[in-house]
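Participant: Any chance you could fold what I've pasted below:
(chains A and B)
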Amino acid sequence: MADVYKAVKLTDRVYWVGAIDWTIRDFHGYTTPRGSTYNAYLILADKITLVDTVKAPFREELLSRIASVVDPKDIQVIVSNHSEMDHSGCLADMINLIEPEKVVASTMGAKTLRDIFHLDREIISVKDGEQLSLGNLTLRFMETRMIHWPDSMFSYLPEEEILFSHDAFGMHLASAERFDDEIDPAILQYEGATYFANILLPYSSLVTRLLGRVGSSGMAFKYIAPDHGPVWRKDIGGTIGRYGDWAAQKPTRKAVVVYGTMWHSTERMARAISEGLANGGAIARCMSLDVFHRSNVAYEVLDAGALVIGSSTLNNNMLPQVADVLTYLKGLRPVNLMGASFGSYGWSGEAPGQIAEILKEMKIEVMVEPMKVQHVPRENDLARCYALGEDIALQLRRN
Amino acid sequence: MEKYVCNICGYVYDPEQGDPDGGIAPGTAFADLPDDWICPICGSGKDEFVPE
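Facilitator: All right, here's what the predicted structure looks like:
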């Protein structure tokens, strides 16, 4: 069975030896309807080198793909660009099996790997800008701390002009195709943006800075080889440019209306706000948390100019699914948004005020007092909601 | 002495503890940290820190 998994050639000296996870749908709370891949790369230098590994259950697939090119025991160097378990899950096993001469990670990576795997063998920590000779080839390392863990590090192979970019420029997309030019660009755009929104958004300012460093480093790229999704070999300028755009979070005329509802009253308010937004010239996204996942909301927020959140009041509190999405969005730290809150209630009506407080904690400018309706909205209530949508649309025209 | 928190990763600089791995002795106020001191977790500069 092992023989069915083959390596995929990038160049004569570099192969993809990762794993395809066709069935994963929940990636620590991020919904992945198209599955994912865990990419590992084999460099056939004088010192054969493995860059990253795969998630633990895919160990046989990794080993089989390596074995289609070389005997895994011939690997002399293992580089860990990112310690998270979807890339390091097989690291301890690989170290035991291969007994490589060197295991290399960033300073924080060496520490993190020790904390995760309780390894007793030495991990060599490399600093920003340091080089490692693989004999006839060279790896150059660039620290990319907090993009998106403290340990994250790029490895660059100048002789082949390949950047091993860990999670950066990646996406959750399972495919039999390994290269960007073999896949529908609209899917790459959507899944790439979704990945950025859900994983990298909090570190946007660091991404902007990193892109500047990459630009001035003189590195040329024939391939950008991330740890998830396809390898970039065609639209390299495009993927770097999109990262710049996403990190800038330049707001558009889009307003995202997100709500939780019990008896459809808050839903009717959300619909009326969305109609007002559209009538005012905004792009409205009306998202019920009964059907949209938090990571879908994050995707829409990435280029939005307004975030409007509604909730019924349940036992003096907002609905749990609204608290969920707010907690998630607060962690993602979106910027350049204005905000508003709304909701129907039976007798106390705390939820819209609670939402507004959290929006303020997120440093989102709350434009209006929370809009509240007792029980079922009447025509004039819906007209107020519609007018709120139009007002927000008017503000968004500045964008 | 006031604690300072890193905007990027959430690390808290506690003057009472200092940052021994970064060569900062316990009892060093945030203002007295050298300009090239970086967050021991994420590598951010002092300008990313705000009072807790």
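Participant: Span of stretch A:335-348 from start to end?
Facilitator: Terminal residues of stretch A:335-348 are spaced 31 Å apart (C-alpha to C-alpha, to the nearest Å).
Participant: how about it, does it reach chain B?
Facilitator: No: Stretch A:335-348 does not reach chain B (C-beta under 8 Å from any C-beta of the partner chain); its nearest approach is 11.9 Å. Backbone N, C-alpha and C define where each C-beta goes, glycine included.
Participant: Would you mark the buried spots in that stretch?
Facilitator: Buried residues in stretch A:335-348, counting neighbours by 16 or more other C-beta atoms under 10 Å in any protein chain shown, are found at A:337-345.
Participant: Identify the residues contacting stretch A:66-76?
Facilitator: Identification of contacts with stretch A:66-76 by C-beta atoms under 8 Å, 6 or more residues apart in numbering or on different chains yields A:2-3, A:5-7, A:15, A:17, A:42, A:44, A:47-50, A:63, A:94, A:97-102.
Participant: can I get the CA coordinates of it in CSV?
Facilitator: Output of stretch A:66-76 as CSV, limited to C-alpha atoms (Å, rounded to 0.1, in the frame of the first residue of the first chain):
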residue,chain,number,x,y,z
ILE,A,66,10.3,10.0,0.6
ALA,A,67,11.1,6.4,-0.2
SER,A,68,9.9,6.9,-3.8
VAL,A,69,13.0,9.1,-4.2
VAL,A,70,15.6,8.1,-1.5
ASP,A,71,15.9,5.8,1.5
PRO,A,72,14.5,7.9,4.4
LYS,A,73,17.6,6.8,6.4
ASP,A,74,19.8,8.7,4.0
ILE,A,75,18.3,12.0,5.3
GLN,A,76,21.0,13.9,7.1
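Participant: wait, does stretch A:184-200 make contact with chain B?
Facilitator: No: if you take C-beta under 8 Å from any C-beta as the test, stretch A:184-200 misses chain B, and the best it gets is 12.4 Å.
Participant: Touching that stretch from outside, list them.
Facilitator: A:30, A:34, A:147-148, A:167-173, A:180, A:207, A:228-230, A:235, A:239, A:242-243, A:246-247, A:295, A:298-299, A:301-302, A:332.
Participant: next one: it to chain centre, how far?
Facilitator: Distance, stretch centre to chain centre, for stretch A:184-200: 8 Å (C-alpha atoms, centre = their mean, to the nearest Å).
Participant: average pLDDT for that stretch?
Facilitator: For stretch A:184-200, mean pLDDT is 98.
Participant: Any buried residues in that stretch, and which?
Facilitator: For stretch A:184-200, by 16+ other C-beta under 10 Å, it's A:188, A:191-200.
Participant: In helices, which of these appear?
Facilitator: Among the buried residues of stretch A:184-200, the members falling in helices (DSSP state H) are A:188, A:191-195.
Participant: Isn't residue A:214 up against residue A:240?
Facilitator: Yes: with contact defined as C-beta atoms under 8 Å, residue A:214 and residue A:240 form a contacting pair (7.5 Å).
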